[in-house]
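Enquirer: My questions are about this predicted structure, shown below with the sequence.
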Amino acid sequence: MMIIQTLLRSLLLTVIISFITPVVLLTGLFSTLWAIGYLPGVDSIAQIGVTDLLKFLTIFGSGSPIEGAIVIGCTCSLVGALFDTYAFYSYQHHS
């Protein structure tokens, strides 16, 4: 029973962190590009970056950048869960 609790606790933590990380990185990139847009001389470069980032997220979100960020977060969360499950199985199998 203790092994199952350990697996579930580790899996839950991995899923949460694996979801939050790409969403925070995308939000940070968007915020940085948006803030750079207020600097004279590089505002056009920042605007191109923001536009391209929004287009990229729109592709994954079926027309909505927010849904795109959520889809990317969910995908990374699933991959993190699979890696954690494999690592747990591998550790239990070899010990």
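Expert: That came through, no problem. Just so we're clear, the structure is a prediction, and the values are computed from it rather than from any experiment.
Enquirer: Point me to the residue sitting closest to the centre of the protein.
Expert: residue 22 (2.1 Å; CA atoms, centre = their mean).
Enquirer: Surely it is in contact with residue 76?
Expert: Yes: Residue 22 is within contact range of residue 76, at 4.8 Å (criterion: CB atoms under 8 Å). For glycine as for every other residue, the C-beta is placed from the backbone atoms N, C-alpha and C.
Enquirer: any idea which element the residue nearest to the centre of the chain lies in?
Expert: Taking DSSP states H and E as the definition, residue 22 sits inside helix 2-36.
Enquirer: Residue 62 too?
Expert: Counting by DSSP H and E, no helix or strand carries residue 62.
Enquirer: In this structure, where is pLDDT below threshold?
Expert: Scanning the chain for pLDDT under 70 picks out the ranges 95.
Enquirer: same thing but at 90, please
Expert: 1-4, 6-7, 88-95 (pLDDT under 90).
Enquirer: neighbours around residue 14, how many?
Expert: Residue 14 has 20 neighbours, counted by other CB atoms under 10 Å.
Enquirer: let me fix that: residue 57
Expert: Using other CB under 10 Å, residue 57 has 20 other residues around it.
Enquirer: List the contacts of the residue lying closest to residue 26 once chain neighbours are set aside.
Expert: Excluding the flanking residues, the one nearest residue 26 by CB to CB, 6 or more residues apart in numbering is residue 69, at 5.2 Å. Applying CB atoms under 8 Å, 6 or more residues apart in numbering, we find residue 69 in contact with 22, 23, 26, 27, 57, 61.
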